[in-house]
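In: sequence and predicted structure, then a few things I'm wondering about:
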Amino acid sequence: MTEDEARAWLDSNFDVSRETAAKLERYVDLLLKGMAEQNLISASTVPHLWARHIVDSAQLLTHARNDGDGAWIDLGSGAGLPGIVVACLSNRPILMIESRRKRIDFLQHVIDDVGLGHAKIFGGRVENAPPCNAAIVSARAYAPLPQLWASALHLSNAKTVWVLPKGRNAQNELEAARPAWQGVFHVEPSVTDPESSIIVARGVVPQGRKKGRS
Ligand SMILES: C[S@@+](CC[C@H](N)C(=O)[O-])C[C@H]1O[C@@H](n2cnc3c(N)ncnc32)[C@H](O)[C@@H]1O
């Protein structure tokens, strides 16, 4: 996907008002400026930033647009991918969880500068975030599936939708996790990389545990 195709994809999949477009542009600006101080995204991806990061994040919304009214929780948000992109494109409350101080400061700066009042940060480890019932949980380049679910189960219930971009190895990773984890799983193709996939999961609990909390 070229950068022009990435912008066209956003326009055709979201109601990108002038205000929303300005928010995304400002976020991209802040990302590029922030690169002078810390490695927010891999330098090799900068020329492809709209495809590799903005659309790659935005596509997660297309798998969880109508799932409940509750919060979207993004695990290991880093520089705000996908959390900040989701906050630019949706009014759903979003909580980004990130443990590294410099990343937390960057995320807060973006929230304040872009004006994303419905986005909040939990600055700390996912394992220590207060229990809640997220409508949606995302995690991009955060952890392998078993660690991911073990660290964040207390943020979910039986209705939570997990949208997990997983690169080229998604199906294998899912098969390896199945003996220990049950749920309803789909593997969806990524629009930014034909060889990558997104795992969409519901009702995730450890094998042997009843799907109780709803
Ligand atoms: C590889 S980066 C990915 C960042 C972003 N999601 C992206 O796709 O660009 C992983 C991020 O997860 C954070 N992280 C890793 N383990 C964590 C944990 N247990 N709790 C909170 N943050 C964590 C790291 O500090 C890092 O910023």
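Out: Cool, got the structure.

In: following the longest helix seen in the chain, which helix or strand comes up?
Out: Longest helix of the chain, by residue count under DSSP state H: helix 18-34. Using DSSP states H and E, the helix or strand that follows helix 18-34 towards the C-terminus is helix 49.

In: quick check: mean pLDDT across the next helix or strand after that next one?
Out: As assigned by DSSP H and E, the chain's next helix or strand after helix 49 is helix 56-58. Mean pLDDT, helix 56-58: 98.

In: re the thing from before, identify the residues contacting the longest helix of the chain?
Out: 10, 14, 16, 40-41, 46, 49-50, 53-54, 79-80, 84-85, 88-89, 106, 109-110, 113-116 (Cβ atoms under 8 Å, 6 or more residues apart in numbering). (C-beta placed from N, C-alpha, C; glycine too.)

In: can you list the buried residues in it?
Out: 23, 24, 27, 30, 31, 34 (16 or more other Cβ atoms under 10 Å).

In: in CSV: those residues, plus pLDDT and distance to residue 209.
Out: Converted to CSV, those look like this (pLDDT from 0 to 100; distance: Cβ to Cβ, whole Å):
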residue, pLDDT, distance to residue 209
23, 98, 40
24, 98, 40
27, 98, 39
30, 98, 42
31, 97, 40
34, 95, 41
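
In: could you find the closest non-adjacent residue to residue 74?
Out: residue 83 (3.7 Å; Cβ to Cβ, 6 or more residues apart in numbering).

In: so that neighbour sits right up against residue 120, yeah?
Out: No: using Cβ atoms under 8 Å, residue 83 is not in contact with residue 120; the gap is 9.9 Å.
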